[in-house]
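Peer 1: could you look at this predicted model? Sequence included:
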Amino acid sequence: MVKITFQSVAGQKVEKENDCDKTDVLIPHQMDDEDVELPVRPRRSPLNGLCCLTFFLVVFMSGLVLASIYVYRCYFIPHNPEENLFHCRVMYEDSVYAPLHGRQELEERVGIFLEENYEQISVPHFGGSDPADIIHDFHRGLTAYHDIALDKCYVIELNISIVMPPRNLWELLVNVKRGTYLPQTYIIQEEMVVTGKVYNMRQLGPFIFRLCNGKDTYRLTRRASRRRINKREAKKCHHIRHFENTFVVETVICD
């Protein structure tokens with residue numbers, strides 16, 4: 001556009017005081033095609049959409065995981081301490097080690113702690129079995145036996161092929177009415193030998209430390225091959241029978 005201004009001639013009387021002294025006339029100026037610039041919309045990269053979608057999926061999955069954990073803790077983990085404690089009585093057949101006795105009874109108290117991932121079993125004195133407190137710590141992968149008659153502790157690697165995990169054992173005991181007999185089962189035996197004394201109790205974890213602190217504690221190892229224990233060895237061995245699966249386990253600890 002070109003702006004042209006006309007000024008009033010000197011001496012000419014202005015007819016109206018409100019009129020402007022100059023008049024502006026705007027004349028469009030012809031522009032070349034090269035001077036015309038049209039706005040160009042930037043192209044959206046497909047990576048932007050992919051990043052947004054990935055971020056949305058991450059947020060969604062995080063919320064889903066948190067919601068699942070909340071529901072699991074509120075509805076599937078018992079918060080009442082009485083729901084973690086069981087009093088069990090088991091009938092079992094001891095056809096291998098005591099065939100003349102026929103059916104026998106085992107009684108014990110079981111505490112299952114799902115959040116801490118460990119089990120605690122208390123067995124009273126009965127028959128040829130010593131009274132004992134047992135802890136299966138699945139977090140540390142250790143089992144501890146406190147022989148109450150000897151007031152000694154024995155620690156060994158957790159045998160997951162025999163000991164049922166806390167969640168599975170809890171579900172099994174929940175399905176059986178508390179204080180009643182469990183279905184008749186059988187007994188198996190595992191033999192262990194003392195290998196040395198434990199001096200650093202802290203390395204055993206807080207649950208076993210609480211059970212064995214202040215007591216002589218020894219490490220155990222399982223016998224490589226099962227064999228019949230002779231009468232001389234039997235005098236140096238101690239038997240602990242307990243229930244931690246769908247069968248009864250007799251743990252034989254030999255010095």
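Peer 2: Done, it's in.
Peer 1: who's in contact with the closest residue to residue 198 other than its chain neighbours?
Peer 2: Nearest non-adjacent residue to residue 198, counting by C-beta to C-beta, 6 or more residues apart in numbering: residue 217, 4.2 Å away. Every C-beta, even on glycine, is put in place using the N, C-alpha and C of the backbone. Contact analysis of residue 217 by C-beta atoms under 8 Å, 6 or more residues apart in numbering lists 152-155, 197-198, 201, 204.
Peer 1: what about residue 255, how many residues nearby?
Peer 2: Around residue 255 there are 10 other residues, counting by other C-beta atoms under 10 Å.
Peer 1: gap between it and residue 54?
Peer 2: 62 Å (C-beta to C-beta, to the nearest Å).
Peer 1: any stretches of the protein with poor pLDDT?
Peer 2: Under the criterion pLDDT under 70, the flagged ranges of the chain are 1-48, 66-82, 95-102, 177-181, 225-235.
Peer 1: pull out the buried residues from the helix or strand hosting the residue nearest to residue 198.
Peer 2: Per DSSP states H and E, residue 217 falls inside strand 216-222. Burial within strand 216-222, assessed by neighbour count using 16 or more other C-beta atoms under 10 Å, is assigned to 217-218, 220.
Peer 1: ok, those vs residue 120, which is closest?
Peer 2: For these, the minimum distance to residue 120 (C-beta to C-beta) is 16.8 Å, reached by residue 217.
Peer 1: from residue 192, how far off is the closest one?
Peer 2: Residue 217 is 14 Å from residue 192, by C-beta to C-beta.
Peer 1: what do you get for residue 211?
Peer 2: Relative to residue 192, and taking C-beta to C-beta, residue 211 is found at 17 Å.
Peer 1: quick one: the strands in this structure?
Peer 2: Assigned by DSSP state E, the chain shows strands spanning 2-7, 22-27, 85-93, 103-113, 118-123, 132-137, 142-147, 152-157, 181-197, 216-222, 237-243, 248-254.
Peer 1: and residue 59, which of those strands is closest to it?
Peer 2: Closest to residue 59 of those, according to C-beta to C-beta: strand 103-113, at 33.6 Å.
Peer 1: once you drop chain neighbours, what's closest to residue 145?
Peer 2: Per C-beta to C-beta, 6+ apart, closest to residue 145 is residue 154, 4.6 Å.
Peer 1: ok, the residue nearest to residue 255 when sequence neighbours are not counted - how many residues close by?
Peer 2: Sequence neighbours aside, residue 236 is the residue nearest to residue 255 in space, at 4.7 Å (criterion: C-beta to C-beta, 6+ apart). By other C-beta under 10 Å, the residues close to residue 236 number 11.
Peer 1: swap in residue 86?
Peer 2: Counted by other C-beta under 10 Å, the residues lying close to residue 86 total 20.
Peer 1: does it touch residue 119 like I think?
Peer 2: No: using C-beta atoms under 8 Å, residue 86 is not in contact with residue 119, being 10.4 Å away.
Peer 1: fine, thanks again, bye for now.
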